[in-house]
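1. A structural model of the following input is requested.
(chains A and B)
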Amino acid sequence: MRALNDWTAKVWATSKRHFWCVSIPLNPQWAVEEIKRCKKLGATAVWMRPNVMQEVRWWNEDWDPVWKTMSELGMALVFHEATGTYNATYSTDYKFDRYWIAHAVSHPLEMATAVAGILGYGVLERHPKLKVLFCEAGATWVPYMLFRLDSHYTARPKEMAPLTMPPSEYFKRQCVICSFEPEEALLSETMAWFKGDNMACTSDYPHWDSSGVSGVVRYLKNYPNLDEQSRINFFSRAAIDALGLKP
Amino acid sequence: MAHAAAKEKAVDRYKSVEEAYRSKSKKLGQEYFVVDCDRHIIEPPEAFTMFLDKEWQRMAPKPATDNTGAPRLMVEGRLYQKPTGWGPGRTEGCGDQRPRGEGCPTSARTSTRSRTATSTWISPVSIARCGSRRSGCSPQTSRTGICSTQ
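-> Numbering: from 1, shown residues only, chains lettered A, B, ... in the order given. Okay, here's the model as predicted:
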């Protein structure tokens, strides 16, 4: 991890327009050290898989020092799924042996478990300044998942000790969906549900399933009636706030 | 108290960040200032030859070519990333490489080497061969590292 981060910092991130994420080891003590070291190298955020990798349940309290360090340093947490790797529930070597099915399913479903884990276990209750971004997993399932978590919050109050408010409130306060496919069904309804917040623009460049540079143009064409503030939030303000970008 | 801290009015840095980062030389595509939150880079093998401590060099990801001629990365004894196509990886199968670091079913067929080779490098060629369809290795049957044809 140190080698990868060093290469990213010293060889790749050579422009002020390059922001990069720290790759961290799956050990909270080591992760804290690496995050502090990389902050000095210019890292903007920290990325993790949404899955349980190598039995690590990152939502447990032994990971609190990591979130505390990131909150203090103003570094956001970025979740990003990757189908073709090991350990994940919907990986190609565990559930589906056809890559395209695993890929179609793994991004939203693995991310849904990350949303449930980070909200349900009270990580955002304990770390109210931690910003969390959910990448490349689609957007329109999120309102449903939040509705479902909220309905359980209401129906089973005795089990909600880690939380002081409905899960969706934490999401709206600290989370951003970073997934953008301008042809996604019900996208405009989802943006309206979030009142123009909590969503940020991404391209996933240069992957085969990227919305591409033209994605922004298609977005403007597909949704001509969105208000200006929602557009600005989506194109940049949400990212600036969540990632703590500075001039 | 924690909530009070979270509710502090955040400073809106939109204008200042836009001013600092928006390209002044480009004419096209300037209607909106866009921050792209998800772009990908892939590290070259040099990332590890340049920056990995000497004691770990042996475990550095290395370029390999599988038996279809496709470039792949060998990471701790397994080929990564699994490419698009039938099955978990190529039609030849990548499932044969589990569990981590263990040898391919071809070697399991003739010896116990696969069960004891957890810390040794496996040649990319042998892995590619072991996954051959002709050997009858089904990805679904080889998750324990034991090939159905042994």
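2. hey, let's count contacts and neighbours off CA atoms from now on
-> Will do.
3. Number of residues surrounding A:R17?
-> 11 (other Cα atoms under 10 Å in any protein chain shown).
4. Give the helix, strand or coil label for it.
-> Secondary structure state of A:R17, per DSSP: H, G, I helix; E, B strand; the rest coil, is coil.
5. Quick check: the gap between it and chain B.
-> A:R17 sits 7 Å away from chain B, going by Cα to the nearest Cα, to the nearest Å.
6. Please apply the same query to A:V123.
-> 12 Å.
7. Then A:R126?
-> Distance from A:R126 to chain B, by Cα to the nearest Cα: 8 Å.
8. give me the number of residues near that residue?
-> Residues near A:R126, counting by other Cα under 10 Å: 17.
9. Over to A:L186?
-> A:L186, neighbours per other Cα under 10 Å, totals 12.
10. Give me the phi and psi for it.
-> phi 60, psi 20 (degrees, to the nearest 10).
11. Test my guess that A:Y121 contacts A:T164.
-> No: the pair A:Y121 / A:T164 is not scored as a contact, 11.6 Å apart, by Cα atoms under 8 Å.
12. Between these two, point out the one with more neighbours.
-> Between A:Y121 and A:T164, counted using other Cα under 10 Å, the more crowded position is A:Y121 (18 against 12).
13. check contacts around that one.
-> For A:Y121, the contact set (Cα atoms under 8 Å, 6 or more residues apart in numbering or on different chains) comprises A:W59, A:N60, A:P162, A:L163.
14. From the residues you listed, list the buried ones, please.
-> Neighbour-count burial within the contacts of A:Y121 applies to A:W59, A:L163; the criterion is 16 or more other Cα atoms under 10 Å in any protein chain shown.
15. and of the contacts of A:Y121, the nearest to chain B?
-> A:L163 (11.9 Å; Cα to the nearest Cα).
16. The residue lying closest to that closest one once chain neighbours are set aside: neighbouring residues, count only.
-> Closest residue to A:L163 apart from its sequence neighbours, by Cα to Cα, 6 or more residues apart in numbering or on different chains: A:G122 at 5.7 Å. Look at A:G122: counted by other Cα under 10 Å, it has 22 neighbours.
17. And A:A185, by the same measure?
-> 11.
18. what residues are up against the closest residue to it other than its chain neighbours?
-> Sequence neighbours aside, A:T140 is the residue nearest to A:A185 in space, at 7.4 Å (criterion: Cα to Cα, 6+ apart). Going by Cα under 8 Å, 6+ apart, A:T140 touches A:E184, A:A185, A:L186, A:L187, A:T190.
19. Please tell me the pLDDT value assigned to the third one.
-> At A:L186, the predicted lDDT confidence score is 91.
20. Look up the closest residue to it, ignoring the ones flanking it.
-> Nearest non-adjacent residue to A:L186, counting by Cα to Cα, 6+ apart: A:T140, 6.4 Å away.
21. The one you found and A:Y205, how far apart?
-> As judged by Cα to Cα, to the nearest Å, A:T140 and A:Y205 stand 21 Å apart.
22. contacting residues around A:C135?
-> A:V78, A:F79, A:H80, A:E81, A:I177, A:C178, A:S179, B:C37, B:D38.
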